[in-house]
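>>> predicted coordinates and the sequence they were generated for:
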Amino acid sequence: MQIQPELKSVLKRLRLSGILATLPDRWAYARQEKLDYPQFLELVLSDEVERRDHKHLENRLQDAGFEEECTLERFDWSAKIRIDKARLMELFSLHFIERHENVIFCGPVGVGKSFWAQALGHAACRAGYRVLFIRSDGLLKNLARSRADNSFDRELRSFISPDLLIVDDFALKKLSSQATSDFYDLLIERHTRSSTILTSDGGIEEWMAVFDDPMLGQSALDRFCHRAHQFVLEGESYRKRTAPGATAVKTGGKATT
């Protein structure tokens, strides 16, 4: 099939140039299967819809800022990590995002907290949600820097607006007075409007100690935890298991509970 310049021009004006990549093959298929014109048109337009959906997903994943590609399908269930699997799998229905609920993953270093947080984020991206992944210290540093050029409100909105915000490594160190206030503002603004995932090496009972102002900390955490699905992970380091050169042997997922 020879594509005429006039057709290319029309498709470009309609922002349908992506069709050109598959048009010859689709035309040959339509002739072979004796498709009528409406069927042929549906075929090429379906290709374009699929192409755009894939592009939009790529954009959402890129905008999310994940550190690595973590998905439910990639998890090695033979890892010796203890987590409530039934409750975890229910989260992947993403109803918690629809209900504007939160998720907390606590446990020692390396047991997979960040993996599961990013896996939920990846699933949310695939479902069309806007997701942002960021480390706690990076979030607070960005907010602090934004005060220097009077862009604080815009920067804060960038963390408030995602459907799902994932804050990794929360409560690693004590927050300053300003950081306490900023984190309070963030959690309060997102409360009942959108979902947030926090990962932390420390237990929830230890979080209050990191806030400079106990009253702000108590107010923020009471609201956040009241609407949160809480998970405590235990076991061997999953990070070591997935490191280059690791020799983990998969045994079909007997180690999780």
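Now that the structure is in, tell me what you want to look at. Every value quoted in this text rests on a predicted model; they were computed, and no experiment measured them.
>>> for the lowest-mean-pLDDT helix or strand in the chain, the distance to its chain's centre please.
Lowest mean confidence among the helices and strands of the chain (mean pLDDT, DSSP states H and E): helix 238-241, at a mean of 74. In terms of CA atoms, centre = their mean, to the nearest Å, the centre of helix 238-241 is found 21 Å from the chain centre.
>>> then stretch 170-178?
Taking mean C-alpha positions (CA atoms, centre = their mean), stretch 170-178 and its chain are 24 Å apart.
>>> residues in contact with it?
136-137, 140, 144, 183, 198-202, 206-207, 209-213 (CB atoms under 8 Å, 6 or more residues apart in numbering). (C-beta placed from N, C-alpha, C; glycine too.)
>>> poorly predicted segments of this protein, please.
243-257 (pLDDT under 70).
>>> using PDB, write out every CA atom in the least confident helix or strand of the chain.
In PDB, the C-alpha atoms belonging to helix 238-241 read as follows (Å, rounded to 0.1, in the frame of the first residue of the first chain):
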ATOM      1  CA  TYR A 238      14.500  -8.800  50.000                       C
ATOM      2  CA  ARG A 239      16.900  -6.100  48.700                       C
ATOM      3  CA  LYS A 240      19.900  -8.500  49.000                       C
ATOM      4  CA  ARG A 241      17.900 -11.200  47.300                       C
END
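>>> before we move on, what SS does residue 199 have?
strand (DSSP: H, G, I helix; E, B strand; the rest coil).
>>> got the contact list for the residue lying closest to it once chain neighbours are set aside?
Using CB to CB, 6 or more residues apart in numbering and skipping residues adjacent in sequence, the residue nearest residue 199 is residue 113, 4.1 Å away. Contacts for residue 113 (CB under 8 Å, 6+ apart) come out as 105, 106, 107, 168, 199, 200, 201, 233.
>>> identify the residues contacting the last one.
In this case it means residue 233. By CB under 8 Å, 6+ apart, the neighbours of residue 233 are 81, 82, 83, 105, 106, 107, 108, 111, 112, 113, 116.
>>> show me which of those are buried.
Buried members of the contacts of residue 233, counted by 16 or more other CB atoms under 10 Å: 81, 82, 83, 105, 106, 107, 111, 112, 113, 116.
>>> nearest to residue 39, of these?
residue 116 (43.9 Å; CB to CB).
>>> tell me which element that closest one is part of?
helix 113-126 (DSSP states H and E).
>>> the next helix or strand after that helix pairs with which strands, and in what direction?
For helix 113-126, the succeeding helix or strand toward the C-terminus, using DSSP H and E, is strand 131-135. Its sheet considered, strand 131-135 pairs with strand 164-168 (parallel) by DSSP bridges.
>>> give me phi/psi at the residue lying farthest from the centre of the chain?
The C-alpha centroid of the chain is most remote from residue 34, which lies 43.9 Å away (CA atoms, centre = their mean). Backbone geometry at residue 34, expressed as degrees, to the nearest 10, gives phi 60, psi 50.
>>> which residues in the protein form helices?
5-13, 23-33, 37-64, 85-91, 95-98, 113-126, 136-146, 152-160, 177-190, 214-226, 238-241 (DSSP state H).
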